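Participant: what shape does this take:
(chains A and B)
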Amino acid sequence: MLSFGKAGFRKLAGAAAAVLFFALNALGQTQSQTGDVKPIPILQGSAGFITNFDGGDAHLAPIATPVVLVPVGERWLFETRANFETDMVQLPGRSGFHGQVEKQVDYAQIDFIANKYATVSVGRFLTPFGIYNERLYPVWIRNLQSDPLTLPIGIGPSNASTGVMVRGGFKARPQFDINYTVYFSTLVTTTPVDSDRFAGGRAGIFVPKARLEVGGSFQHLLQQERSNLFGFHAVWQPTKLPLDIRWEYARSKRGSGYWLEPAYKLSQLPFLQNEMRRTQLVARYQQFFTGQLASDSLPPVNTKQFEFGVNYYFMDGLKFTTNYGRQFSSIGNKNVWTLGLTYRFVVPMGPEGGRR
Amino acid sequence: MKRNWMLICCLGVMTFLVGTAIAQEPTKPEAAPKLPADMPLLSANSNPNDENALPQRTKRTRQARHTTKREQSERAEGEQRFRENCGRCHQPPHKFPPRVMAAAIRHMRVRAMLTDEDMRLILKYMTQ
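Facilitator: Reported below is the predicted structural model:
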């Protein structure tokens, strides 16, 4: 059941007016967004089979996340992602692994590319708080298959928001680009597409020459304790090394923490070059600190975790992944092992056209 | 019994998707764009704008050279933008057919907040 307050309706009306404004603004622009290439609908996404041993308990987790993209005209895009995931475990007194398939629509949004500075999205969208939820979550993208401990901070009960979002990226100066997102989400209480009522934004600066992106996120909760949340993120890829460093910090009344994840491809090693260029070493160190309020999705006590992993890319869309981690907390230390195979697929849903 | 069926279905789906992924892998590297046969190669220190320094050529050849150079320049710029932007989150994908890539790049325009120019140049690079 959807639950809107009067203020919620006022804000949605304001959002609709904004969409209209950008639509009118776009009428004055005639340049095609994609040149002379007409996009077609595509089905893409990822799938994987992840096995993890969490404190000695084995979990089998097949996962499939299809994404459907339907471009309409020059400026519109409908995009949706579903998630089918099972957590199969051994139950006491029964043989084999058992689990139910959890089905969820991660996002279903309509995007309108208004101009080179702004895109308006309406519907259910991934909450852009930090970078992990929106950009690094799919199994084929993430370097380590476990979620960061701080991931639930600021992204809502089902990792998504329902409402309106305006976002964009543009070259502010020759030396750097600016990207931003502002959004409003309304309260939805229908599981599994529930969302909280909040408003927030994220902004970042990307310096192409240094391959460095830094940014921050802010969110104000418009329900419950009406608190403020904030976070920072950074991504750096040194130009001289096949190294990729990502970092995020998030703080809320329910907890705070950070994670730091360097990943290094062995492509510069002088031997077994075909194998080494496909091999990536990854590590992640993270800490979580409990807040004033409790949360079901965050650890109940202060927690530290270190993980080390190796990824092997058979090709860009097919990856074998493995990692070992050790978690330290006052309720007990434990080992976390993960093994998995992930792949990404793209299936055109129309005449794809030849290479130019 | 039900579990066995689930495993068989999982294996079937995985086989199909792995097959799809393998089928997408290009078998040959992309050929470099062909230059006109009568086009002299530039030396490292030659000045392409110095008309006196160039040998006599037809107008058509000059135009072809100009177009090729511009395309090469845009392609190089597109490749650079591709590495800077796409590589921040994921492994660089191989090239897709143009209309597929046009849909994917529009998705990335929204998701990764690519600039207008990034989108145009990356699309050009990825579809040539």
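
Participant: just give the number of residues close to A:G216.
Facilitator: By other Cβ atoms under 10 Å in any protein chain shown, 16 other residues sit near A:G216. For every residue, glycine as well, the C-beta is placed using N, CA and C.

Participant: correction: the previous question concerned A:A294.
Facilitator: By other Cβ under 10 Å, the residues close to A:A294 number 10.

Participant: now A:F78
Facilitator: Around A:F78 there are 15 residues (other Cβ under 10 Å).

Participant: so it is in which element?
Facilitator: Following DSSP states H and E, one finds A:F78 within strand A:76-86.

Participant: who touches that strand?
Facilitator: Applying Cβ atoms under 8 Å, 6 or more residues apart in numbering or on different chains, the contact partners of strand A:76-86 are A:45, A:60-72, A:99-113, B:106-107, B:110.

Participant: the residues you listed in strands, which ones?
Facilitator: Members of those lying in strands (criterion: DSSP state E): A:45, A:60-72, A:101-113.

Participant: run through the residues you listed and flag the ones next to chain B.
Facilitator: Restricting the ones in strands among the contacts of strand A:76-86 to those near chain B by Cβ under 8 Å from any Cβ of the partner chain leaves A:62, A:64, A:67, A:69, A:71, A:111, A:113.

Participant: ok so, going back, mind giving me the PyMOL select for the contacts of strand A:76-86, buried ones only?
Facilitator: In PyMOL syntax, the buried subset of these is picked out as below (16 or more other Cβ atoms under 10 Å in any protein chain shown):
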select buried, (chain A and resi 45+60+61+62+63+64+65+66+67+68+69+70+71+99+104+106+107+108+109+110+111+112+113) or (chain B and resi 106+107+110)
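
Participant: once you drop chain neighbours, what's closest to the residue in the stretch 51-200 of chain A that chain B sits nearest to?
Facilitator: Nearest to chain B, among the residues of the stretch 51-200 of chain A, is A:G169, at 3.4 Å (Cβ to the nearest Cβ). Ranked by Cβ to Cβ, 6 or more residues apart in numbering or on different chains and with sequence neighbours excluded, the top spatial neighbour of A:G169 is B:M113, at 3.4 Å.

Participant: equivalent analysis for A:P242, please.
Facilitator: Among residues not flanking A:P242 along the chain, A:K265 sits closest, at 3.8 Å (Cβ to Cβ, 6+ apart).

Participant: what comes up buried for stretch A:86-102?
Facilitator: By neighbour count on 16+ other Cβ under 10 Å, the buried set for stretch A:86-102 is A:86-88, A:97-99.

Participant: export that stretch as PDB, just CAs?
Facilitator: In PDB, the C-alpha atoms belonging to stretch A:86-102 read as follows (Å, rounded to 0.1, in the frame of the first residue of the first chain):
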ATOM      1  CA  THR A  86      18.300 -17.800  -3.300                       C
ATOM      2  CA  ASP A  87      20.200 -18.400  -0.100                       C
ATOM      3  CA  MET A  88      20.300 -22.200   0.200                       C
ATOM      4  CA  VAL A  89      21.400 -23.600   3.600                       C
ATOM      5  CA  GLN A  90      21.600 -26.900   5.300                       C
ATOM      6  CA  LEU A  91      18.700 -27.300   7.700                       C
ATOM      7  CA  PRO A  92      19.000 -29.400  10.900                       C
ATOM      8  CA  GLY A  93      17.600 -32.900  10.400                       C
ATOM      9  CA  ARG A  94      17.400 -32.600   6.600                       C
ATOM     10  CA  SER A  95      19.800 -33.500   3.900                       C
ATOM     11  CA  GLY A  96      20.900 -31.200   1.200                       C
ATOM     12  CA  PHE A  97      20.500 -27.400   0.800                       C
ATOM     13  CA  HIS A  98      17.200 -25.700   1.000                       C
ATOM     14  CA  GLY A  99      16.100 -22.100   0.300                       C
ATOM     15  CA  GLN A 100      13.400 -20.000  -1.300                       C
ATOM     16  CA  VAL A 101      13.900 -17.800  -4.400                       C
ATOM     17  CA  GLU A 102      13.500 -14.200  -3.400                       C
END
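
Participant: for that stretch, what is the average pLDDT?
Facilitator: Averaging pLDDT along stretch A:86-102 gives 87.

Participant: next one: it to chain centre, how far?
Facilitator: 27 Å (Cα atoms, centre = their mean, to the nearest Å).

Participant: could you do stretch A:79-96 as well?
Facilitator: Here stretch A:79-96 is found 21 Å from its chain centre; the criterion is Cα atoms, centre = their mean.

Participant: how long is it from one end to the other?
Facilitator: 37 Å (Cα to Cα, to the nearest Å).

Participant: one step back: so which strand or helix has the residue nearest to A:G169?
Facilitator: Per DSSP H and E, there is no helix or strand for B:M113.

Participant: from B:M126, how far out is it?
Facilitator: Distance, B:M113 to B:M126, using Cβ to Cβ, to the nearest Å: 18 Å.

Participant: got it, and A:E213?
Facilitator: Counting by Cβ to Cβ, the gap from A:E213 to B:M126 is 21 Å.

Participant: what does B:C89 give?
Facilitator: In this view, B:C89 and B:M126 are 16 Å apart by Cβ to Cβ.
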